[in-house]
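J.: Could you work out the structure for the sequence below:
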Amino acid sequence: MESQETLQLTALNAVHDALGAKMVPFAGYRMPVQYEGVSVEHHAVRNGVGVFDVSHMGEFYVEGPDALAFLQSVTSNDVAKLHSGKVQYSCLPNDQGGIVDDLLVYCFDAQKYLLVVNASNMAKDWAWLQAHLGSFDVQMRDESAATSLLAVQGPLAVKALQSLTEVDLDSMTYYTFGVGSFAGVENILISATGYTGAGGFEIYMPNAAAPAIWQAIFQNGSGLGIVPVGLGARDTLRLEMGFCLYGNDINDETSPLEAGLGWITKFTKEFTNSDNLKAQKEAGPRRKLVGFELIDRGVPRHDYPITDATGTPIGIVTSGTMAPSVGKAIGMGYVPSELASPGSTIYVEVRGKLLQAVVVSLPFWKGNKA
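T.: Numbering: from 1, shown residues only. Coordinates of the predicted model:
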């Protein structure tokens, strides 16, 4: 754990303190883990609207005549499929078959892109990208320290935000973005993205504008039950959707194919380690990341052993929680491919006891039932 003295502060640090947030060290930052409580905040996002300060995320701009060619060479997805105003989920494969990081790629045009990377990997990602620039005619800018990011998530997000901007939020489809004025501030990037599965937007702004924009959002959404949301509910929301968390479900030693990310691994082009990953695809990965629900009473947690019926270890839990919307103990973890089909029985060792679990299809949360 980092000492409080060495932690970086977001532009909204004083706001979180004033709201009584429980603050914790996370990826080198002092971040709110919860305000009123994880379950309350989770349900507010699923059913209404909530606001996350995720200003710890990293923002790298990649510009120049070879920007497209460079990104094609270092990312797994096909950047050529993007056009202005489109966003793409992707990853940076490493040389050993694992993942340097997962990221979002924003396309302004064929010579200008924004990469949004995980806070814990900013320095690693920057060094990796710099090391692979080679002869590409590309300039990179790290705007992470100057940028604040708010995620406004939930089915009421449009109602909470629309009167603050001329950008037509209702017509924005998933994984698109626009740039315009927001709460009186010009050149704000608004994207129809998020990490919750509840719909909503992510808003990028200069640090100086963050407190006023936060206040404007809450004033505008006051009649909608809008609440601040911490990292705790962010984790339960993303896990219910089966979204991977770097450092838990994916890392330097997990391949995108094992992690179920074949859909962002496009072999129509060459990229870092693509030949080896293609061979793995053709042979079939020996293990796969699966979602599971506990049958027996208990809660799976990160690093708990996954076993067979005899207690022989066959894998490891990468993420686990008691899911507020699903009402069940759920988790993800790597198991041998022959046990990866929905309906397969596995066991999780919890405090010395083997608890029965069943592999299920993702996402865990299928949407509000009428």
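
J.: Check which residues of stretch 62-76 are buried.
T.: With burial defined by 16 or more other C-beta atoms under 10 Å, the residues of stretch 62-76 counted as buried are 62-64, 66-76. Backbone N, C-alpha and C define where each C-beta goes, glycine included.

J.: And the helices in the stretch 51-200 of the chain?
T.: Ranges of helices within the stretch 51-200 of the chain are 67-74, 122-131, 157-161, based on DSSP state H, counting those that start in this stretch.

J.: mean confidence for the second one?
T.: It stands for helix 122-131. In this model, helix 122-131 carries a mean pLDDT of 98.

J.: Save the buried residues of stretch 62-76 as JSON lines, and put in distance to residue 214 too.
T.: As requested, the buried residues of stretch 62-76 are exported to JSON lines (distance: C-beta to C-beta, whole Å):
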{"residue": "62", "distance to residue 214": "29"}
{"residue": "63", "distance to residue 214": "29"}
{"residue": "64", "distance to residue 214": "34"}
{"residue": "66", "distance to residue 214": "38"}
{"residue": "67", "distance to residue 214": "32"}
{"residue": "68", "distance to residue 214": "35"}
{"residue": "69", "distance to residue 214": "39"}
{"residue": "70", "distance to residue 214": "35"}
{"residue": "71", "distance to residue 214": "32"}
{"residue": "72", "distance to residue 214": "37"}
{"residue": "73", "distance to residue 214": "38"}
{"residue": "74", "distance to residue 214": "34"}
{"residue": "75", "distance to residue 214": "32"}
{"residue": "76", "distance to residue 214": "34"}
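
J.: who's sitting farthest from the centroid in this protein?
T.: No residue in the chain sits farther from the centre than residue 310, which is 35.4 Å out by C-alpha atoms, centre = their mean.

J.: what kind of secondary structure is it in?
T.: Per DSSP: H, G, I helix; E, B strand; the rest coil, the secondary structure class of residue 310 is coil.

J.: Could you report the distance from it to residue 347?
T.: 9 Å (C-beta to C-beta, to the nearest Å).

J.: Switch the helices of the stretch 51-200 of the chain over to CSV; also include distance to residue 247.
T.: Output for the helices of the stretch 51-200 of the chain, formatted as CSV (distance: least, C-beta to C-beta, whole Å):
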stretch, distance to residue 247
helix 67-74, 20
helix 122-131, 11
helix 157-161, 27
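
J.: And these: which comes nearest residue 342?
T.: Within the helices of the stretch 51-200 of the chain, the stretch nearest residue 342 is helix 157-161; the backing value is 31.5 Å (C-beta to C-beta).

J.: for that closest one, the distance to its chain's centre please.
T.: When C-alpha coordinates are averaged (C-alpha atoms, centre = their mean, to the nearest Å), helix 157-161 and its chain have centres 21 Å apart.

J.: In that helix, which of the residues would be classed as buried?
T.: 157, 158, 159, 160, 161.

J.: before we move on, what about stretch 181-198?
T.: For stretch 181-198, by 16+ other C-beta under 10 Å, it's 182-183, 185, 188-198.

J.: Export the residues you listed as JSON lines, with columns for distance to residue 144.
T.: Shown next, in JSON lines, are the buried residues of stretch 181-198 (distance: C-beta to C-beta, whole Å):
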{"residue": "182", "distance to residue 144": "20"}
{"residue": "183", "distance to residue 144": "22"}
{"residue": "185", "distance to residue 144": "19"}
{"residue": "188", "distance to residue 144": "17"}
{"residue": "189", "distance to residue 144": "14"}
{"residue": "190", "distance to residue 144": "19"}
{"residue": "191", "distance to residue 144": "17"}
{"residue": "192", "distance to residue 144": "22"}
{"residue": "193", "distance to residue 144": "17"}
{"residue": "194", "distance to residue 144": "19"}
{"residue": "195", "distance to residue 144": "18"}
{"residue": "196", "distance to residue 144": "22"}
{"residue": "197", "distance to residue 144": "25"}
{"residue": "198", "distance to residue 144": "26"}
